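S.K.: how does the following fold in three dimensions:
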Amino acid sequence: MAARTTTTNHNAVIRAVKLGRRRLGASAAHTWRTMPVPHADQERTHLNEDWRPVSSPDQLRAAIRERLALADNVTADSVLVIEYVVSGPHEAFAEQGGPVEWRAFFRDALAFLEARHGADNVVGVNVQLDERTPHLVVYAVPLVNYPATTRTRNVIQGKRGGEWIRGPKNFDVPARTALSATHYMGRRDQLRELQTTFAEEVAIPHGLRRGLRHSAATHVTTKAYHQALTRGLAENLSLSPDDLARQGLLWSRESPEEHAARVSDFVVEHYAPTVARAAMADAERRRANEMAETARRTESALDEERQAHQQTQRRLKQLVGGLSAEELAQIEQFASRCRRQRREAEEARKREAQRRREDERAEQQRFEDEWAARLRRLTPEALARLESSERVAAWRLALNRDDLEAAQERWVESGLFEVNGTLTAQGRAQVEGAASDAPATGTGHESGRERIRAGMPSRSPFER
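M.R.: You can find the predicted model right below:
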């Protein structure tokens, strides 16, 4: 880490955003400039640096897939990565006379995030120098390693005197790796703690400070900033041809439209900076209002805390005022005993809830195993004659189990099914032919269908 320097009035910036499959593509395209980025200087893009062997959206997705292979709970709507953006005010960097050397600051910020997530889970790191202010973009896969542990369950241990006897039994729970963005930023206080810890370990040593707590400020996006500039220019730089058409003969050398365009270009060139500053006045006024609201919130929070503290003091005085030291010690022992009993009751409740979940998982697994055993013996013709919902459930189960791969290949090779489990034309014809051959009394085809169902479970293993 950098040596501690004098802290200025510049706030450090660290933002964290959860990205799923849909948002990941746009973020990566922006980071590696595979999409137009109006506020980036294309002549400076070559200065951007990658601090991981990832330099394109495709490479980022491949690196993420490699880490996700370690997790046992990835779903279609999972948060795949957390994107961190680290920066500071434009004037805080050394190039503008500030105290922050961007390379050292970003290296310490990266070390902070590697310690937070594990270096292997930080799959993409890009330093962007083609925008007005340098900033660091980090993509971290939020994997969490849960160590192996032992859990105690209350189980049936035998029978005594005609009654079942239950007692504790220890079960080994293996280590596992899970994908969990919630572990890192699932609560508001976690985000506040991120800001505080980052300031203490990284920002302050580089001359920056933590942003205000209870802040009402909102992030002004680059898009909103450029819209404000464009709107200001459009509203303030306009000359009509009618105003110029009434000039003297000198203006007959060019049309009013041509002259208006020329004069407008002149005004834009010489007065655009002034107009742009005026256009941003609304944004600055809004920022001032946000700072005032931040101060109000902080004062309100401190007042509430002060009142709560005073109320606690009054309550304690009512409870223990006038008691001897020995009496106070007895109260403390009683309170400690109550807290311990409450904690033990909560732990017992959690163990019981965990036991029920494990029992449910075991029952679900047993049910799926039984169904899989029957599916391995099921012929393609019998599968085709099942109801559509039953056939779809069977096909999904086969996709998720390695021990049903041979059965599924046999079903596909029969020509009765598409690769997604729907019936082919041949399959539909066979089912319709079997239905037409069945006797009108319903004892043929229906009894055959019932015989098939007799070997199938009454519900899908995907039902809960």
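S.K.: which elements pack onto the helix or strand Phe112 falls within?
M.R.: Assigned by DSSP states H and E, Phe112 belongs to helix 102-117. For helix 102-117, the helices and strands in contact under the criterion 3 or more Cβ pairs under 8 Å, 6 or more residues apart in numbering; DSSP states H and E are strand 81-87, strand 122-128, strand 135-140, helix 188-198. Placement of C-beta: from N, CA and C, glycine included.
S.K.: dump these to TSV, plus mean neighbour count, mean pLDDT and distance to Leu378.
M.R.: Shown next, in TSV, are those (neighbours: other Cβ atoms under 10 Å; pLDDT from 0 to 100; distance: least, Cβ to Cβ, whole Å):
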stretch	mean neighbour count	mean pLDDT	distance to Leu378
strand 81-87	23	96	41
strand 122-128	23	97	43
strand 135-140	23	97	45
helix 188-198	14	89	49
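S.K.: out of those, nearest to Ala12?
M.R.: With Cβ to Cβ as the criterion, Ala12 lies closest to helix 188-198 of these, at 6.7 Å.
S.K.: contacts for that closest one, please.
M.R.: With Cβ atoms under 8 Å, 6 or more residues apart in numbering as the test, helix 188-198 has contacts from Ala12, Ile14, Ala16, Ala109, Phe112, Tyr184, Met185, Arg210, Gly211, Arg213.
S.K.: quick one: the helices in the stretch 1-150 of the chain, in order.
M.R.: 21-31, 57-68, 102-117 (DSSP state H, counting those that start in this stretch).
S.K.: if you could redo that for the stretch 151-300 of the chain, that was the one I meant.
M.R.: 182-185, 188-198, 222-236, 241-245, 256-279, 281-320.
S.K.: ranking these by mean pLDDT, which is last?
M.R.: In terms of mean pLDDT, the lowest-scoring of the helices of the stretch 151-300 of the chain is helix 241-245 (a mean of 49).
S.K.: dump the residue contacts of Ala29.
M.R.: Applying Cβ under 8 Å, 6+ apart, the residues near Ala29 are Met35, Pro57.
S.K.: for it, give its distance to Asp58.
M.R.: Going from Ala29 to Asp58 by Cβ to Cβ, to the nearest Å gives 11 Å.
S.K.: overlap in contacts, these two.
M.R.: What both Ala29 and Asp58 touch, as defined by Cβ under 8 Å, 6+ apart, is an empty set.
S.K.: most tightly packed of the helices of the stretch 1-150 of the chain?
M.R.: helix 102-117 (a mean of 19; mean count of other Cβ atoms under 10 Å).
S.K.: next, the angle from it to strand 122-128.
M.R.: 160 degrees (axes from the mean of the first three to the mean of the last three Cα atoms, to 10 degrees).
S.K.: render the CA-only coordinates of the helix holding Phe112 in CSV, please.
M.R.: Below are the C-alpha coordinates for helix 102-117, written out as CSV (Å, rounded to 0.1, in the frame of the first residue of the first chain):
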residue,chain,number,x,y,z
TRP,A,102,-3.3,6.8,-10.9
ARG,A,103,-1.1,3.7,-11.4
ALA,A,104,-0.2,3.3,-7.7
PHE,A,105,-3.8,4.1,-6.7
PHE,A,106,-5.3,1.6,-9.0
ARG,A,107,-2.7,-1.2,-8.1
ASP,A,108,-3.6,-0.7,-4.4
ALA,A,109,-7.4,-0.7,-5.3
LEU,A,110,-6.9,-4.0,-7.3
ALA,A,111,-5.0,-5.6,-4.3
PHE,A,112,-8.0,-4.5,-2.1
LEU,A,113,-10.5,-6.2,-4.4
GLU,A,114,-8.3,-9.3,-4.8
ALA,A,115,-8.2,-9.7,-1.0
ARG,A,116,-12.0,-9.3,-1.0
HIS,A,117,-12.8,-11.9,-3.7
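S.K.: so, low pLDDT: which residues of the stretch 1-150 of the chain?
M.R.: Per-residue confidence for the stretch 1-150 of the chain (pLDDT under 70) gives these ranges: 1-8.
S.K.: who does Val155 bridge with?
M.R.: Under DSSP bridges, the beta-bridge partners of Val155 are Gly167.
S.K.: is it correct that it is in contact with Arg166?
M.R.: Yes. Look at Val155 against Arg166 with Cβ atoms under 8 Å: they come within range, at 6.5 Å.
S.K.: can you list contacts of the helix holding Phe112?
M.R.: Under Cβ under 8 Å, 6+ apart, the answer for helix 102-117 is 1-2, 14, 51, 82, 84, 86, 88, 93-95, 122, 125, 127, 129, 134, 136, 138, 140-143, 184, 197-198, 201-202, 205-206.
S.K.: any weak-confidence spans in the stretch 301-450 of the chain?
M.R.: In the stretch 301-450 of the chain, residues with pLDDT under 70: 435, 437-450.
S.K.: again, only this time at 90
M.R.: Within the stretch 301-450 of the chain, the segments meeting pLDDT under 90 span 301-332, 335, 360-361, 364-365, 367-368, 371-372, 375-378, 380, 382-450.
S.K.: can you list the residue ranges for helices in it?
M.R.: 325-376, 380-384, 388-399, 405-413, 425-437, 445-454.
S.K.: touching the fourth one from outside, list them.
M.R.: Pointing back at helix 405-413 there. Here helix 405-413 has contacts from Leu375, Arg376, Leu378, Pro380, Leu383, Trp395, Ala398, Leu399, Phe417, Val419, using Cβ under 8 Å, 6+ apart.
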